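Colleague: Any chance you can model this:
(one chain, ligands or ions: 1)
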Amino acid sequence: MIIDTHCHIQFRGYDNDRAEVIKRCREKNTIMNAVGTQFDTSRAAVELAEANPDIYATIGLHPIHLFSTHVDEEESSFESREEKFDYDTYLKLGQSKKVIGVGECGLELFHIPPEADRGVILTRQKETFLLQVKLAKELNVPLVIHIREAYDEMLELLNGLNKQINGVVHCYSGNWRQAQGFLDLGLYLGFTGVVTFPAKKTNPQPTIDLLEVVKNAPLDRILVETDSPYLAPQAFRGERCEPWMTIENLRKVAEIKGLDMAEATKIALANSKKLFTKITV
Ligand SMILES: [Zn+2]
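Modeller: This is a model prediction of the structure:
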């Protein structure tokens, strides 16, 4: 069994064949954590989780949705819709037994609206993140943290809280110095298909940094995930990513760590269940 600790199986990209994708995951013994990014996608994650024993849900507001902007990614483009985090509405949604985490929440300085004031954006993102830290505590579940181009800002914020934070930095893509900061805070690091990508010839440093983090990170703090429908691992690059592909990311982590797959699978499963204590499979 493997747990895809971060996917978006509720997203529109699966509307035409979601049942088949879930069936493929079931055949490959893959449990899913469907992560919300706004209220709508959080509610959809909970609904799917309640209808399927092998799907769990994480609810929250992604920092990209605090402002309206056009987002162009390799795999998709969309208009982010502005939403204000409504604590009580999320708290109510969080009463489902299938809700195992709060997120994805965090800081995002890559996609910001053109001509926007970076300071204003960062302040609103921090305030919204802190509300979700509070929600996670109240629901007694870990945080699923998104960070893009704001690793040092997040470290500063978390260190200022002066308390142990329970959660995972999902799709980790910072360097080893920053990773040590998150590990010191008690956080896990989640690795996606990015670990399987070859280094860019024009800019190899991010890949070198990432592989160094995988190599150095303690075995008991590593999680694997897909972030599907985004970030298909190298073996499936160009295709829509599906949660069962998590195994490819684990394979790469096992290779870097010098583990056989049986051992790596056991460790990944144990770590996932240790963080997401409400997973009962
Ligand atoms: Zn995600």
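
Colleague: wait, what's in contact with Ala270?
Modeller: Each residue near Ala270 by Cβ atoms under 8 Å, 6 or more residues apart in numbering is listed here: Asp220. Where C-beta positions appear, they are placed from N, C-alpha and C, glycine not excepted.

Colleague: isn't there a helix covering it?
Modeller: Yes: with DSSP: H, G, I helix; E, B strand; the rest coil as the criterion, Ala270 is part of a helix.

Colleague: what about Gly101, helix or strand, and which?
Modeller: Assigned by DSSP states H and E, Gly101 belongs to strand 99-108.

Colleague: now that strand, how far from the centre of its chain.
Modeller: Strand 99-108 sits 8 Å away from the centroid of its parent chain (Cα atoms, centre = their mean, to the nearest Å).

Colleague: List the neighbouring strands of it plus their orientation.
Modeller: Sheet pairing of strand 99-108 (DSSP bridges) gives strand 55-59 (parallel), strand 143-148 (parallel).

Colleague: and the next element down the chain from it?
Modeller: Where DSSP H and E defines the elements, the next helix or strand beyond strand 99-108 is helix 118-139.

Colleague: Report the angle between that next one and strand 143-148.
Modeller: Helix 118-139 and strand 143-148 meet at an angle of 160 degrees, taking axes from the mean of the first three to the mean of the last three Cα atoms, to 10 degrees as the criterion.

Colleague: which residues touch helix 118-139?
Modeller: Residues outside helix 118-139 that contact it (Cβ under 8 Å, 6+ apart): 60-61, 63, 66-67, 85, 87, 90-91, 94, 99, 101-103, 105-109, 112-113, 142-143, 150, 153, 157, 161, 165-167.

Colleague: Return the members of the residues you listed classed as buried.
Modeller: Applying 16 or more other Cβ atoms under 10 Å to these, the neighbour count classes 60-61, 63, 66-67, 85, 90, 94, 99, 101-103, 105-109, 112, 142-143, 150, 153, 157, 165-167 as buried.

Colleague: give me phi/psi at Ser68?
Modeller: phi -80, psi 130 (degrees, to the nearest 10).

Colleague: about what we covered before: now tabulate the strands paired with strand 99-108 in CSV and tack on mean pLDDT and distance to Ser272.
Modeller: Formatted as CSV, the strands paired with strand 99-108 follow (pLDDT from 0 to 100; distance: least, Cβ to Cβ, whole Å):
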stretch, mean pLDDT, distance to Ser272
strand 55-59, 98, 10
strand 143-148, 97, 12
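
Colleague: tell me the most buried of these?
Modeller: Most buried of these by mean neighbour count (mean count of other Cβ atoms under 10 Å) is strand 55-59; its value is a mean of 29.

Colleague: Just the CA atoms of that one, as PDB, please.
Modeller: Output of strand 55-59 as PDB, limited to C-alpha atoms (Å, rounded to 0.1, in the frame of the first residue of the first chain):
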ATOM      1  CA  ILE A  55      -9.900   8.800  -0.300                       C
ATOM      2  CA  TYR A  56      -9.300  11.200   2.600                       C
ATOM      3  CA  ALA A  57      -9.600  15.000   2.500                       C
ATOM      4  CA  THR A  58      -7.600  18.100   3.500                       C
ATOM      5  CA  ILE A  59      -9.400  21.400   3.600                       C
END
